[in-house]
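Undergrad: Need coordinates for the following:
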Amino acid sequence: MTRLRAALDANGAVAGIVTQSAGQSPFQALSKRLSIPFAAYAPDKTTAEGLFDQPYEFPALHSAHTNVELPVPVGSWRSVGHSHQAFCFESFLDELAHEAKRDPLQYRAQLLAAHPRARAVLDAAAKASAWGTPLPPTNDGQPQARGLALHSSFSSTAAAVAEVSLGADRRVRVHRVMVAIDCGLAVNPNGIRQQVEGSVVYALSAALYGDVRIEGGRAAVHNFNDYRPLRLSECPEITTIIVPSAQTPSGVGEPVVPVVAPAVGNALFALTGSRVRALPFGAMREATS
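TA: You can find the predicted model right below:
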């Protein structure tokens, strides 16, 4: 769980942000299972990464994390703490933009004034999506909306724009995802595109369906036959924009995962006016303020 608070000035600009998260340490849990005593008690920054090390500039930022011991065994997964903390932080930024009555794209761009590389990634994703132009209805006549998210992790920066609608059964449908990434010098562009596409499918599987329920003290999911991934028929059209760079090559396999869920969540808010603050989305529920 993560709680975020912010103070805005008279113009709607951020004066300060406080983040407080709580959860288990995946690496401490793994260390105990593998009997590595020196690592079992060391601080684990991966529990809160994505809150204190994001690319935006604020006049003041205080970030804290509380390690919580629970009986459920855990481990790390693709993009580790960035996966869920980016969902929290980028959803919150969208809330601040709405509170300030500002466009989410321009609100983020102002916070990236001191980070031109990240700003270039944001602009590339927005341009590919034709941000700001109206979207036509879906083939079955349902309205669509766009959502935006940006995040830096593993020395790379990625931004995603998701185009989303709701089916008649309130099921979340993701039609297109445009991803821009600056991962330094692109040694193998085809490999980067493959990693981006795999990241989008992986992240959507988690955002839409990825829960493991504990019943009677044990996981109700036993194997992949019980774990619902994204189906091929549900897969959106994915566009990858590789932002040119001469910097040292950096991460590709994980940096796109964190931006997918918040992009979808922010699109759902634009579509319905209801903010979803928990994962997975599944069938869209009316959010409570």
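
Undergrad: Not counting sequence-adjacent ones, nearest residue to Ala220?
TA: Counting by C-beta to C-beta, 6 or more residues apart in numbering, Arg213 is the residue found nearest to Ala220 once chain neighbours are left out, at 4.6 Å. Quick note: C-beta positions are derived from backbone N, CA and C, even for glycine.

Undergrad: tell me the contacts of that neighbour?
TA: 219-221 (C-beta atoms under 8 Å, 6 or more residues apart in numbering).

Undergrad: Where strands are concerned, which of the residues you listed count?
TA: Assigned to strands by DSSP state E, the following of the contacts of Arg213 qualify: Ala219.

Undergrad: As TSV, the contacts of Arg213 with pLDDT and neighbour count would be great.
TA: Rendered in TSV, the data for the contacts of Arg213 read as follows (pLDDT from 0 to 100; neighbours: other C-beta atoms under 10 Å):
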residue	pLDDT	neighbour count
Ala219	89	13
Ala220	91	11
Val221	90	16
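
Undergrad: Need the contact partners of stretch 219-231.
TA: For stretch 219-231, the external contacting residues (C-beta under 8 Å, 6+ apart) are 201, 204-205, 208-210, 212-214.

Undergrad: in what helix or strand does Val161 lie?
TA: Of the helices and strands defined by DSSP states H and E, Val161 is found in strand 156-166.

Undergrad: Can you list the strands that that strand pairs with?
TA: Applying DSSP bridges to the sheet, strand 156-166 is found paired with strand 145-153 (antiparallel), strand 172-182 (antiparallel).

Undergrad: Phe269: how many residues sit nearby?
TA: 20 (other C-beta atoms under 10 Å).

Undergrad: got it, and Ala15?
TA: Other residues within reach of Ala15, judged by other C-beta under 10 Å, total 12.

Undergrad: if you look at the contacts of stretch 219-231, which of them are in strands?
TA: For those, the ones inside strands are Ile214, with DSSP E as the criterion.

Undergrad: filter the contacts of stretch 219-231 to the buried ones?
TA: When burial is judged by neighbour count using 16 or more other C-beta atoms under 10 Å, the buried members of the contacts of stretch 219-231 are 201, 204-205, 208-210.

Undergrad: Check what pLDDT the residue nearest to Ala220 gets.
TA: We note a pLDDT of 88 for Arg213 in this prediction.

Undergrad: what would the contacts of Arg213 look like in a markdown table with distance to Phe92?
TA: Compiled in a markdown table, these are given as follows (distance: C-beta to C-beta, whole Å):
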| residue | distance to Phe92 |
| --- | --- |
| Ala219 | 30 |
| Ala220 | 31 |
| Val221 | 29 |
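
Undergrad: Sort out which one of the contacts of Arg213 lies nearest Asp182 for me.
TA: The shortest gap between Asp182 and any of those belongs to Val221, at 35.8 Å (C-beta to C-beta).
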